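1. sharing a model prediction with you, sequence too.
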Amino acid sequence: MGVRRTALRHVKLAIGTAIITMLVTGACLSLVWTPAPPARMNILARLKPPFASGWLGTDQFGRDVTSLLMAGAWNSLSIAVLAVALGASAGVLTGLAAARRRGLAEAVLMRICDVIFAFPPVLSAMVLGVLMGTGAMSAILAIAVFMVPVFARMTRGIALQVQSRDYVLAARSIGLGEGGIMVAHVMPNIAGQIVVQVMIQLGLAILTEAGLSFLGLGLPPPAPTWGRMLAEAQTYLETAPWLALAPGLAIAFAVLGFSLVGDGLRDLFDPRDATL
């Protein structure tokens with residue numbers, strides 16, 4: 001049973017890492033090379049099927065779908081990474097502050113997180129779009145705000161568990177302050193869980209960014225995004241289904257890759273597996 005669990009977790013990590021590597025490679029490659037300029041239109045070559053014009057055909061404007069997919073990968077990945085980094089940083093600091101300052105301060109911080117969690121990213125993006133205008137910054141902030149309660153709750157829960165351990169009580173007895181306890185004992189114990197949560201939330205952030213772009217709340221045209229590619233493909237589902245298939249599969253595989261890596265890392269960091 002132990003060998004089977006170990007093999008399974010390594011298979012998940014390997015598959016997820018391979019998917020993420022392909023995603024990142026394609027995104028980075030799009031900065032220096034694509035099969036064709038993503039914004040170049042060729043009406044005479046519009047709606048060409050895969051391999052008739054390019055690897056994945058062309059869209060309704062004659063743009064190369066492969067090039068759009070590669071450029072869209074960079075836009076989706078960069079927005080997701082920035083949003084999760086911002087949300088994780090604010091969430092971890094909030095969770096540590098709540099665990100350190102018990103009582104009224106903890107209750108206020110957690111109730112604020114509950115209120116934020118009640119507003120989905122799409123609604124937040126609509127509000128930010130009215131205040132700031134649609135664009136990358138609005139999408140990043142909308143996703144990041146939604147991530148803060150996730151990381152805050154996780155951080156607070158683990159911090160409270162660590163603070164009740166005997167070695168933390170011993171550290172307090174010799175005069176180590178709360179700040180020192182957070183740095184010396186809480187952060188090392190929470191680092192693994194943060195990495196796991198970051199991977200899982202990256203997949204959700206890519207999915208959310210695609211949804212925002214689908215609704216017109218993400219990057220404005222002509223910047224290519226997977227969500228907008230799906231939105232534009234709706235009209236041509238019967239005549240050119242490859243227009244929806246390419247970005248749809250890209251989103252699905254990206255979410256799957258980050259989820260597999262997150263699950264694999266969670267298994268590795270789970271101390272209960274050490275005896276299996």
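-> Done, it's in.

2. show me where pLDDT drops low in the stretch 51-200 of the chain?
-> The model of the stretch 51-200 of the chain has pLDDT under 70 over residues 129-130, 178.

3. now the strand or helix carrying Trp74: buried residues?
-> Following DSSP states H and E, one finds Trp74 within helix 65-100. Buried positions in helix 65-100, judged by neighbour count with 16 or more other CB atoms under 10 Å: 65-77, 79-84, 86-88, 90-92, 94-100. Just so you know, the C-beta spots here come from the backbone N, C-alpha and C atoms, and that holds for glycine as well.

4. before we move on, what about stretch 212-227?
-> 212-215, 217-219, 223-227.

5. could you measure from the residue nearest to the spatial centre of the chain over to Leu268?
-> The chain has Leu202 as the residue nearest its centroid, 1.7 Å off, counting by CA atoms, centre = their mean. Relative to Leu268, Leu202 is positioned 18 Å away (CB to CB, to the nearest Å).

6. what does Gly216 give?
-> Going from Gly216 to Leu268 by CB to CB gives 40 Å.

7. for the residue nearest to the centre of the chain, give me the pLDDT.
-> At Leu202, the pLDDT value in this model is 95.

8. before we move on, what about the one 4 residues further on?
-> The predicted local distance difference test score for Ile206 is 94.

9. packing partners for the helix or strand containing it?
-> Element membership for Ile206, per DSSP H and E: helix 187-214. Where contact means 3 or more CB pairs under 8 Å, 6 or more residues apart in numbering; DSSP states H and E, helix 187-214 is packed against helix 65-100, helix 121-132, helix 136-163, helix 226-233, helix 242-269.

10. okay, the angle between it and helix 242-269?
-> Angle between the axes of helix 187-214 and helix 242-269 is 170 degrees (criterion: axes from the mean of the first three to the mean of the last three CA atoms, to 10 degrees).

11. quick check: buried residues in helix 187-214?
-> Across helix 187-214, burial judged by 16+ other CB under 10 Å covers 187, 190, 192-214.

12. got it, and stretch 47-57?
-> By neighbour count on 16+ other CB under 10 Å, the buried set for stretch 47-57 is 47-48, 53-54, 56-57.

13. what would these look like in JSON lines with secondary structure and distance to Val11?
-> Supplementary listing: these in JSON lines, determined by DSSP: H, G, I helix; E, B strand; the rest coil; distance: CB to CB, whole Å:
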{"residue": "Leu47", "secondary structure": "coil", "distance to Val11": "40"}
{"residue": "Lys48", "secondary structure": "coil", "distance to Val11": "38"}
{"residue": "Ser53", "secondary structure": "coil", "distance to Val11": "38"}
{"residue": "Gly54", "secondary structure": "coil", "distance to Val11": "34"}
{"residue": "Leu56", "secondary structure": "coil", "distance to Val11": "29"}
{"residue": "Gly57", "secondary structure": "coil", "distance to Val11": "33"}
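
14. which one of those is nearest Ala252?
-> Distances from Ala252 to the buried residues of stretch 47-57, taken as CB to CB, are shortest for Leu56 (15.5 Å).
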